[in-house]
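K.L.:
Just a sequence and a predicted model for now, questions to come.
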Number of protein chains: 2
Amino acid sequence: MSHEQNWSLPLRGATNPSTHADGTNPGSFANPPQIGGPLTFSSPDTPGMPPPSTFTAWDFLPSGWVIECATKETGCAGHNHPEIGEHIRAVAPLDFEPITQLEKARLGLITPEMERVSAREDHLTAAQIRDEIAAGRLIIPANIHHLNHQLDPMAIGRASKTKINANMGASPVSSGTDEEVEKLRWSQRWGADTAMDLSTGGDLDACREALIRESTVPIGTVPIYSMIIGRKIEDLNEEIILDMLEHQAAQGVDYFTIHAGVRPWHLPAIEKRLIGIVSRGGSLLAKWMITHDQDNPMVTCFDKICQIMRQHDVSFSLGDGLRPGGLADASDEAQLGELSEIAKLTEIAWTHGVQVMVEGPGHVPFDQIEFNMKLQRQLCHGAPFYVLGPLVTDIFPGYDHITSCIGATAAGYHGASMLCYVTPKEHLGLPKADDVKQGCIAYKIAAHAADVALGIPGTRDRDDELTKARAALNWQKHFDLSFDPDTARALHDEDLDVDTDFCAMCGHDWCSVRISKEIQQFASGKAEGFDRGAALRSAALTDEQKEILEKRGILDPAEIHKLASKTHKATGANEEKASCHSDHVSEEQARQLQALDANEEEISAL
Amino acid sequence: MSHEQNWSLPLRGATNPSTHADGTNPGSFANPPQIGGPLTFSSPDTPGMPPPSTFTAWDFLPSGWVIECATKETGCAGHNHPEIGEHIRAVAPLDFEPITQLEKARLGLITPEMERVSAREDHLTAAQIRDEIAAGRLIIPANIHHLNHQLDPMAIGRASKTKINANMGASPVSSGTDEEVEKLRWSQRWGADTAMDLSTGGDLDACREALIRESTVPIGTVPIYSMIIGRKIEDLNEEIILDMLEHQAAQGVDYFTIHAGVRPWHLPAIEKRLIGIVSRGGSLLAKWMITHDQDNPMVTCFDKICQIMRQHDVSFSLGDGLRPGGLADASDEAQLGELSEIAKLTEIAWTHGVQVMVEGPGHVPFDQIEFNMKLQRQLCHGAPFYVLGPLVTDIFPGYDHITSCIGATAAGYHGASMLCYVTPKEHLGLPKADDVKQGCIAYKIAAHAADVALGIPGTRDRDDELTKARAALNWQKHFDLSFDPDTARALHDEDLDVDTDFCAMCGHDWCSVRISKEIQQFASGKAEGFDRGAALRSAALTDEQKEILEKRGILDPAEIHKLASKTHKATGANEEKASCHSDHVSEEQARQLQALDANEEEISAL
């Protein structure tokens, strides 16, 4: 039986130009380009999903700009161009000087950054990248000042491979600039495509400056954090906002998270939630709005914000200040209401020539992920979606890199363009270097699995090469092709300190791969030029190595129990007492604690 | 804006009786019961997915059995009964004595095991469990002899919660009975619902006996492993097969993996694969068939196998001997061809009164998972699907508990009933105790996330309770509700050794949850009877605890590098030499190596 005769797997992305559920092919002048087609990679739509938008960034040009068709003389009825960039471009007013990648793309220009992205993503030409940027479906977050340092341009959007972001930044309780720079290096080593400096403690300005100079990847920030250092949130005003944005833009920050979607009328819906607002920016702005009984200050000066960002080509990451903080709050009125506001802001930013991506939810049951992705696709006209996780269950603190990379894979498959990592320390404390590594790896898995599922050309090649090496029992090649060769090698050598025709799981007689080779004369990877000489004897594990391996594990079980000094038994508390916990120190006590802990001093008494 | 007015999330499981794509409601006599409805929990079908079968186990009764309708006198046209078990049952020949749960269910009986499962799964009545078993959609793997020990009956099927299996068993290279019993205890501690003894080394019989006596969960085996201890696979014959099955059934094994779906005509398709056959049982039987030029011996005596299994109520786990071993081989002719054979065997087993589950693929791109699940649902008439992973990428050895729990979540959501764990040691060696824990936790995440997504009643309650505790900043309750409280507590205390109104990630001023509480007077969990007395001061971390935390991580980065004694640099090999590796020892050398390593002796020379 050949299943291909009876079943066809759902067609995907590149091979299926009509993945849009409603089959729309807008041909009105308001919407000239053919959207969809070979440059987006989409999952099929489960029935009931929101259909794609019929608009793109072409529908939100600055006033005074006009669309021109290269094939105008042929009539161009309906602007039905198979490859949009080859045929249409915009014409700006005479004195206009383009700055942003979006503006240049609209004018039909191919920038060095587009060329570089094309070189880094084999499957895309520079012209395709330009066209995706012009449509608003792709961004190159590259501050013109950061380009003067070491920034290596990259792109975020559905036509490109799925990206991952690593968060770092000192908190008032823990870490400092040097540690954060080290985490940046470590995250780049483990594949982070962008990094966000979310510092709220230490010398914020120095840390940001150091990260920008050190990084080859785009750096994002949430500028409101710096705006309220040394002042109360209530004292925030337009001048402070614009000054700080100007400062960070001039420093070279590549994208700003701005929580301008939170509006006063969303706040009543928050009261229905189990865990209110979990975004720091969102909660601070909500407090500001309540205190002042005024609208979100990020909205009231949104045009000015756009003008500053345009001058330096800072991209928007329109923040989800009302993202859900638990499964129970997912897809609720507050979250979706904010998303529809963000959609309007996307349109406005585009009219200012600013590149936009949109941030998405953090805790979403697995079955609601596709809906969330496709609603954003519709409302925000295909602007890249940058999602945190989402976590698909709440009850595994300590393992939220796993709970969230499950959601991230589904998000990437159904529409997200960048996945913001979550580390094992999420909900518990500030990540350490190894947490950064674990978070990055979990998210490289998610991004890669999504790209393979979407059928982005070439993405599965390395998997297939590794499978061939595995089939050939070629251990060294197997490890060379793996994402973390040292760890794979160490785990292999733990039981069997020599490379041979089997591993310690089954042993010689039971190795299905060896038997399979035997019965099928199956050579694959092995046959392709690998020497078949005598066995290479490698050194046995040293005593030191053996000791390290014995310690392996995310905390040894007995050690974990020793660590858990505050379990009921360890604290000597009875059931009732332990349930009543210590979360009611006064404001003043809390500040003292924080200061003491930051100084690593002993806390002698409360 | 209320999204509920504009959008409705896709309906799920319990709330949506018509999730079947083709809307079939079979009413012929050959297929009396109403399938679907409130007792299955299904994801919506993406367009193009195979529709459900129109048959159930009711269509494959033993000869001589007849279906009787309790409401016969009312006419019963079309057998359109809303609750099947209340209205129909089968009548067996006069001298028939039921043994298996399936036989008893068919006769309308409710067994103590069904009662127990109902007590363990709040959302199901014993009558519903009986009806699901009778339909073939649920099994209770409970060998009548294992019930005499400590077995606590559990159920596998779509109506019940998603289950996870932990594999264990000594290999010729590593481990023994005591270690494996310890792993069993450890896996039960971390939530394994069943365990498989896959031993291929040590004293297989003693290990199996010890695991059966120790376990409260069902034990599965792959009996062919024991059949060829001390003999070549070529010498396997019907007598050996039936003797070993009789022996293990009498010992109390609850389910057998039997690779009877592999047939000679599938083997040519294997040659097109990158990694051939990766199932140990599948590869051994393929070798037998080629050597003897005969059909699979498990098929030729399948009726006799069924008769033995029926006598002890051993359930089938119809093995996927041709499961793909890499993304490239997924959903291929060999795999799907075997599945259609397994479907026929399912029907035969049902006519013998034997309970059946079906095993599924190990490496599948994320986008092909739904297709795989729904094809099995169709071909095997809803028999429970027991899947290994699947891994959604091949290039992360050392992290395959993560790559596979992503696939397992999607599998659980789209149709699998039990998820076979994969540990970090997959492809590399035999799991140690901590690998068992990591595998179990990753799979508890997958199973729970799927159950939440499917809307199985009550499954999200603990998530919501934890969210409320998190909102209340009630750390102790937060950790008490988490799956691994000790680890969560340890990670929290690493940075901030006191419980207060914030954590080390953001510190006091930046805690969105604290701010959210402040602005919303948000109490939730806290308000419900938790004492708001003075802060509970807990002991600071000891020096020992601090040292352990510093060692945290799945191997410290520097340590990993030290461990990787066979990286190019460490071996002193140049690029070419390292690529040419040591996998070509002779058969004899390999056996020597294995024996030496098993004895933990120094390998002095090859």
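P.N.:
Cool, the structure landed. Numbers count the residues shown, from 1 in each chain, chains lettered A, B, ... in the order given.

K.L.:
Return the residues in contact with the spatially most central residue of chain A.
P.N.:
For chain A, A:Leu419 is the residue whose C-alpha lies nearest the centre (CA atoms, centre = their mean; 2.4 Å). Residues near A:Leu419 by CB atoms under 8 Å, 6 or more residues apart in numbering or on different chains: A:162-165, A:386-387, A:389, A:405, A:408, A:411-412, A:443, A:446-447. Bear in mind the C-beta positions are built from the backbone N, C-alpha and C, glycine included.

K.L.:
one more time with 6 Å, if that's ok
P.N.:
If you count contacts by CB atoms under 6 Å, 6 or more residues apart in numbering or on different chains, A:Leu419 has them with A:Ile164, A:Ala408, A:Gly412, A:Tyr443, A:Ala446, A:Ala447.

K.L.:
Kindly report the same for A:Cys207.
P.N.:
Contacts of A:Cys207 (CB under 6 Å, 6+ apart): A:Thr177, A:Glu180, A:Ser199.

K.L.:
Now do the helices for the stretch 301-450 of chain A: every range, in order, please.
P.N.:
A:302-312, A:333-351, A:369-379, A:400-414, A:433-454 (DSSP state H, counting those that start in this stretch).

K.L.:
CA atoms of the fourth one as CSV?
P.N.:
Output for helix A:400-414, consisting of C-alpha atoms alone and laid out as CSV, is shown next (Å, rounded to 0.1, in the frame of the first residue of the first chain):
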residue,chain,number,x,y,z
ASP,A,400,8.8,26.3,32.2
HIS,A,401,11.4,26.2,29.5
ILE,A,402,9.7,22.9,28.5
THR,A,403,6.0,23.9,29.2
SER,A,404,6.6,27.0,27.0
CYS,A,405,8.6,25.5,24.2
ILE,A,406,5.7,23.2,23.5
GLY,A,407,3.5,26.2,23.0
ALA,A,408,6.2,28.0,21.1
THR,A,409,6.4,25.2,18.6
ALA,A,410,2.7,25.4,17.9
ALA,A,411,2.9,29.2,17.8
GLY,A,412,5.7,29.1,15.3
TYR,A,413,3.8,26.6,13.2
HIS,A,414,0.6,28.5,13.2
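
K.L.:
A:Met114 - that's part of a strand, no?
P.N.:
No: with DSSP: H, G, I helix; E, B strand; the rest coil as the criterion, A:Met114 is located in helix rather than a strand.

K.L.:
Can you report how many residues lie near it?
P.N.:
The number of residues packed near A:Met114 is 27, by other CB atoms under 10 Å in any protein chain shown.

K.L.:
quick one, domains of chain A?
P.N.:
A:3-128, A:139-454, A:462-550, A:557-598 (automatic domain parsing).

K.L.:
Disregarding residues adjacent in the polypeptide, which is nearest to A:Thr100?
P.N.:
A:Asp313 (4.5 Å; CB to CB, 6 or more residues apart in numbering or on different chains).

K.L.:
That neighbour reaches A:Pro98, doesn't it?
P.N.:
No: taking contacts as CB atoms under 6 Å, A:Asp313 lies outside contact range of A:Pro98: 9.8 Å.

K.L.:
Mind checking which of those two has more residues around it?
P.N.:
A:Asp313 (27 against 17).
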